[in-house]
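Undergrad: Please find the sequence and the predicted model below.
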Amino acid sequence: MSGFLSSSIGRKISMSLSAIFLMVFLLQHFVINFTSVFSEDLFNSISHFMGNNILIQFVMQPILILGVIFHFVMGFVLEIKNRNSRAVGYAEYDGSANSSWMSRNMIISGAAILAFIGLHFYDFWIPEITTKYIEGDTSGMINGNFRYYEELVHKFQPLWRVVLYCLSFILLSLHLLHGFASAFQSLGVPSMRNKIIKTIGNIYAIGIPLGFIFIALYHFAIH
Amino acid sequence: MNLTLKIWRQKSSKDKGGFVEYKIADISEHMSFLEMMDVLNEELITKGEEPVVFDHDCREGICGSCSMFINGEAHGPDRGVTTCQLHMRKFKDGDKITIEPFRAKAFPVIKDLMVDRSSFDRIQQAGGFISVNTSGNTTDANAILIPKEDADLAMDAATCIGCGACVATCKNSSAMLFVGAKVSQYALLPQGKVEGKERVKNMVAQMDLEGFGNCTNTGACEVECPKGISLDNIARMNRNYVGSIFGS
């Protein structure tokens, strides 16, 4: 296995598998968050279940965190290797003549997403872990009501945070517009010109980030 | 047409190198790019200066020797052509043309615009062949029926001339289009399938050893390839590689 991961194709494939895992997670994250738009109770119930289920908390959550760390670390490792593969750069290089901006700048959109995940952890994950596992309050309640919906709404009140979230989701969209089909191509499915995969990829890459932007704007606007 | 050429000059692999500008006049739009370079070199020789060194051989898009990076693109602004097939009508009178060698750690500059692409030869030697017993008992290849689709795909892959434009244009200096084509041309045929697993493992290992970068599926290689080698060959190589590692 170590030999596989040290080969160029092995690394590509491991990046693809972690990417697909993260895309599945992102989809379920979106579905759960979207419930907050039409049902406060449903959002609270799901959030409480997700936050207290042993399997999710102690099996799925560590796997997710490892998946995120692996994807970013491997991404940076490959970027460094790729840069070292051309010791002397071109004086003139017209990348736009033969490839998309998204495909050439995955490291930039990826680094921006990493910064966003840092903010997202600071906003939601660290307070949640502190409340449950340091303060020992697993009730999910505050003043007799579930706290999850209120916490979500509270975070989307400052304009700067809403703008930052929206910008991050635009960069996420750019990352996914190339990353979706690219992940399948690396796994051996000829995807870069496959209309079905490209269409599903475009719907996913635009639809999910747009949905997250809608949720942020919705709570900013109505509260 | 009158042109200004900004050309990379480098005395040897150890020299630092740098750009030198040359003015060139009365270039016909019907000339090939290499003929224009010949005119420049004639002028340099007449003036007692050292001509610009560049690779060339067949001058009809078959050998894959001519390896120039012109105005930011491998083999210049045209599509589906090598530099020898690029015509000066693609440029305008008064243009300034930047000409660089193919850049990659695995393609070190030998002199001026000439680079060492023997890394491709070593990848081929690692597995780009089939082992045939030639002692007189070989089966006629035509006796083995091959689906037309497989034969066509194998032939498409085999049209790769190993020019290195894929490496030169890839932002990662990846050689996966070249290796994918060389793996595919055998993997699709019954004669090649016998050693398929070892072939893909050995060729990928040699590719990594040579210091090429990783493919990130930008597709630039496919666009710049003078023979239109498809990205599907990279996907096939990836599948074969996984099969060679985890398959029975």
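TA: Great, that's in hand. In this text the structure is predicted, and so the values were computed from the model without any measurement.
Undergrad: which residues touch residue 164?
TA: Assuming you mean chain A. A:116, A:119 (CB atoms under 8 Å, 6 or more residues apart in numbering or on different chains). Backbone N, C-alpha and C define where each C-beta goes, glycine included.
Undergrad: not what I meant, chain B
TA: Applying CB under 8 Å, 6+ apart, one finds that B:Gly164 lies in contact with B:64, B:67, B:102, B:104, B:107, B:115, B:117, B:120, B:178.
Undergrad: Look up how far A:Asn145 lies from the residue lying closest to the second one once chain neighbours are set aside.
TA: In this case it means B:Ser67. For B:Ser67, the nearest residue in space outside its immediate sequence neighbours is B:Phe102; the separation is 4.8 Å by CB to CB, 6 or more residues apart in numbering or on different chains. Look at B:Phe102 and A:Asn145: by CB to CB, to the nearest Å, they are 66 Å apart.
Undergrad: Which one's more surrounded, those two?
TA: Set B:Phe102 next to A:Asn145 and count neighbours by other CB atoms under 10 Å in any protein chain shown: B:Phe102 wins out with 25 against 12.
Undergrad: Please, where are all the helices along chain A?
TA: Counting by DSSP state H, residue ranges of the helices within chain A are A:2-6, A:8-38, A:40-52, A:54-55, A:61-84, A:101-104, A:106-120, A:126-129, A:148-155, A:159-186, A:195-222.
Undergrad: Looking at these, which one is packed in the most?
TA: Across these, averaging neighbours per residue (mean count of other CB atoms under 10 Å in any protein chain shown) puts helix A:159-186 on top, at a mean of 20.
Undergrad: Can you pull up the most central residue in chain A?
TA: In chain A, the centroid-proximal residue (CA atoms, centre = their mean) is A:Leu26; its distance is 5.7 Å.
Undergrad: A:Pro209 is in contact with that one, correct?
TA: No. In terms of CB atoms under 8 Å, A:Leu26 does not count as a neighbour of A:Pro209; the distance is 9.1 Å.
Undergrad: Where does the prediction get shaky in chain A?
TA: Applying pLDDT under 70 to chain A flags the ranges A:1-2.
Undergrad: As a quick check, tell me the outermost residue of it.
TA: Checked against the mean C-alpha position of chain A, the extreme residue using CA atoms, centre = their mean is A:Ala91, at a distance of 35.2 Å.
Undergrad: measure it to B:Trp8 for me?
TA: For A:Ala91, the distance to B:Trp8 equals 8 Å [CB to CB].
Undergrad: Overlap in contacts, these two.
TA: Between them, A:Ala91 and B:Trp8 share the contacting residues B:19, B:100, judged by CB under 8 Å, 6+ apart.
Undergrad: hang on, the earlier thing: got a markdown table for the helices of chain A, with distance to B:Arg236 too?
TA: Formatted as a markdown table, these follow (distance: least, CB to CB, whole Å):
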| stretch | distance to B:Arg236 |
| --- | --- |
| helix A:2-6 | 18 |
| helix A:8-38 | 12 |
| helix A:40-52 | 41 |
| helix A:54-55 | 39 |
| helix A:61-84 | 21 |
| helix A:101-104 | 20 |
| helix A:106-120 | 23 |
| helix A:126-129 | 45 |
| helix A:148-155 | 46 |
| helix A:159-186 | 11 |
| helix A:195-222 | 16 |
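Undergrad: so which of those helices comes closest to B:Leu189?
TA: Each of these was checked against B:Leu189 via CB to CB, and the shortest separation belongs to helix A:8-38, namely 21.7 Å.
Undergrad: Does the closest one reach chain B?
TA: Yes. Contact between helix A:8-38 and chain B, assessed by CB under 8 Å from any CB of the partner chain, occurs at A:8-13.
Undergrad: And stretch A:203-216, by the same measure?
TA: No. Legend: contact between stretch A:203-216 and chain B by CB under 8 Å from any CB is lacking; minimum distance shown is 14.5 Å.
Undergrad: Run the chain-centre distance for that stretch.
TA: For stretch A:203-216, the gap between its own C-alpha mean and the chain's C-alpha mean amounts to 12 Å (CA atoms, centre = their mean, to the nearest Å).
Undergrad: hmm, who's touching that stretch?
TA: By CB under 8 Å, 6+ apart, the list of residues contacting stretch A:203-216 reads A:23, A:26-27, A:30, A:33-34, A:36-37, A:156, A:162, A:165-166, A:169-170, A:172-173, A:176-177, A:179-180.
Undergrad: May I have that stretch as CSV, with CA atoms only?
TA: The C-alpha coordinates for stretch A:203-216 follow below in CSV (Å, rounded to 0.1, in the frame of the first residue of the first chain):
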residue,chain,number,x,y,z
ILE,A,203,-25.2,20.7,-11.3
TYR,A,204,-23.4,19.6,-8.1
ALA,A,205,-20.6,22.2,-8.4
ILE,A,206,-23.0,25.1,-8.9
GLY,A,207,-26.1,23.8,-7.1
ILE,A,208,-24.5,22.9,-3.7
PRO,A,209,-22.5,26.1,-3.2
LEU,A,210,-25.4,28.2,-4.5
GLY,A,211,-27.6,26.4,-1.9
PHE,A,212,-25.3,27.2,0.9
ILE,A,213,-25.1,30.9,-0.2
PHE,A,214,-28.9,30.9,-0.2
ILE,A,215,-29.1,29.6,3.3
ALA,A,216,-26.6,32.2,4.6
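Undergrad: Does anything pack onto the worst-scoring helix or strand of chain B on mean pLDDT? Which helices or strands?
TA: The least trusted helix or strand in chain B, going by mean pLDDT, DSSP states H and E, turns out to be helix B:190-193, with a mean of 92. If contacts are counted by 3 or more CB pairs under 8 Å, 6 or more residues apart in numbering or on different chains; DSSP states H and E, helix B:190-193 sits against helix B:176-187.
Undergrad: ok, which stretches of chain B are helices?
TA: Listed in chain order (using DSSP H), the helices of chain B are B:33-46, B:118-127, B:148-158, B:165-169, B:176-187, B:190-193, B:196-209, B:220-224, B:232-246.
Undergrad: can I get these in CSV with distance to A:Ser186 and mean neighbour count?
TA: Formatted as CSV, the helices of chain B follow (distance: least, CB to CB, whole Å; neighbours: other CB atoms under 10 Å in any protein chain shown):
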stretch, distance to A:Ser186, mean neighbour count
helix B:33-46, 35, 17
helix B:118-127, 20, 19
helix B:148-158, 19, 15
helix B:165-169, 17, 30
helix B:176-187, 10, 27
helix B:190-193, 23, 14
helix B:196-209, 13, 21
helix B:220-224, 15, 24
helix B:232-246, 6, 22
